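Participant: mind folding the following:
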Amino acid sequence: MTGLTVLAVDDELPALDELSYLLNQHDSIATVHKASDATEALRVLSEHTIEAAFLDISMPGLSGMELAGVLANYTRPPAIVFVTAHDDRAVEAFDVGALDYLLKPLRTERLNQAIDRILAARAGDNAATETAETAAPPADDVIPVELGGVTSLVRRDAISWIEAVGDYARLHTDSGAHLVRVTLSTLESRWRSAGFARVHRSYLVSLPMVNGLRSTGASTMVRVRANGASPAVELPVSRRQVRELKDRLVRDPLRTFRSGRSDGGEAGAD
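Facilitator: Next comes the predicted model:
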């Protein structure tokens with residue numbers, strides 16, 4: 001596999017030079033093109049085949065986020081990695097399908113991790129081409145989460161259930177809970193087709209992770225298992241959500257569980 005041809009974009013010259021220098025130190029990077037704004041970046045992209053673009057977010061004219069949106073429409077878009085001082089834009093990065101999200105000041109080990117992700121994605125694309133299969137994951141297959149200044153990518157299929165925390169959401173996985181700056185309603189609309197269901201004003205569950213319903217008197221609970229060894233949890237189901245949840249548990253093609261029955265009423269506590 002030949003080395004990567006990449007583009008570094010930052011309107012601050014010292015930051016651009018540092019990013020370019022660090023990229024050039026990596027054995028898997030063959031060529032680094034530089035641009036100080038989106039206009040120059042688009043010119044470079046028209047003249048060269050760029051496999052990955054490392055973008056600052058705040059730039060005059062077209063922002064890094066807006067540039068990423070433009071690149072997403074390319075027939076073969078480059079992998080996008082954001083390199084930014086903004087620690088509160090990770091959800092937007094997720095929206096435009098970024099492969100990684102690095103915080104300034106840039107650390108070599110995190111940059112190397114991002115390059116490894118690019119190489120892994122490239123290898124997957126090449127394998128798909130050779131076998132004439134379409135294997136590209138959906139743009140929202142992963143969601144970036146921040147913990148101690150480090151951005152990690154959580155796979156959507158690793159999430160068992162999601163809890164509303166004001167304007168934030170807490171993602172529950174077998175590796176722990178992760179707080180992200182996005183509302184439960186937003187995730188509900190994005191991920192409904194991926195097998196997630198709203199069961200309560202405060203909870204969204206992954207249908208493949210559901211292993212039962214329990215009705216006791218006027219309340220209904222949904223039992224959600226974790227990916228790992230963690231015990232299942234029971235979450236309340238709102239009265240108005242019970243019937244739809246039962247229907248989706250039966251007919252959702254992403255379900256791995258098939259319920260024998262769910263006892264009793266459709267009442268729930270909101």
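Participant: low pLDDT regions in the stretch 1-150 of the chain?
Facilitator: 1, 124-142, 146-150 (pLDDT under 70).
Participant: where do the strands sit along it?
Facilitator: In the stretch 1-150 of the chain, the strands defined using DSSP state E, counting those that start in this stretch lie at 4-9, 29-35, 52-55, 79-84, 100-103, 142-147, 150-155.
Participant: which other helices and strands contact the fourth one?
Facilitator: Read that as strand 79-84. Contact analysis of strand 79-84 by 3 or more CB pairs under 8 Å, 6 or more residues apart in numbering; DSSP states H and E lists strand 52-55, helix 64-71, strand 100-103, helix 108-130 as its packing neighbours. C-beta here means a position set from N, CA and C on the backbone, and glycine is covered the same way.
Participant: swap in 10 Å and give it another go.
Facilitator: For strand 79-84, the packing partners by 3 or more CB pairs under 10 Å, 6 or more residues apart in numbering; DSSP states H and E come out as strand 4-9, helix 13-24, strand 52-55, helix 64-71, helix 90-95, strand 100-103, helix 108-130.
Participant: distance-wise, check residue 192 relative to residue 156.
Facilitator: Distance from residue 192 to residue 156, counting by CB to CB, to the nearest Å: 12 Å.
Participant: show me which of those two is the more surrounded one.
Facilitator: Of the pair residue 192 and residue 156, residue 156 is the one with more neighbours under other CB atoms under 10 Å, namely 20 against 13.
Participant: wait, that one touches residue 193, no?
Facilitator: No: the pair residue 156 / residue 193 is not scored as a contact, 11.5 Å apart, by CB atoms under 10 Å.
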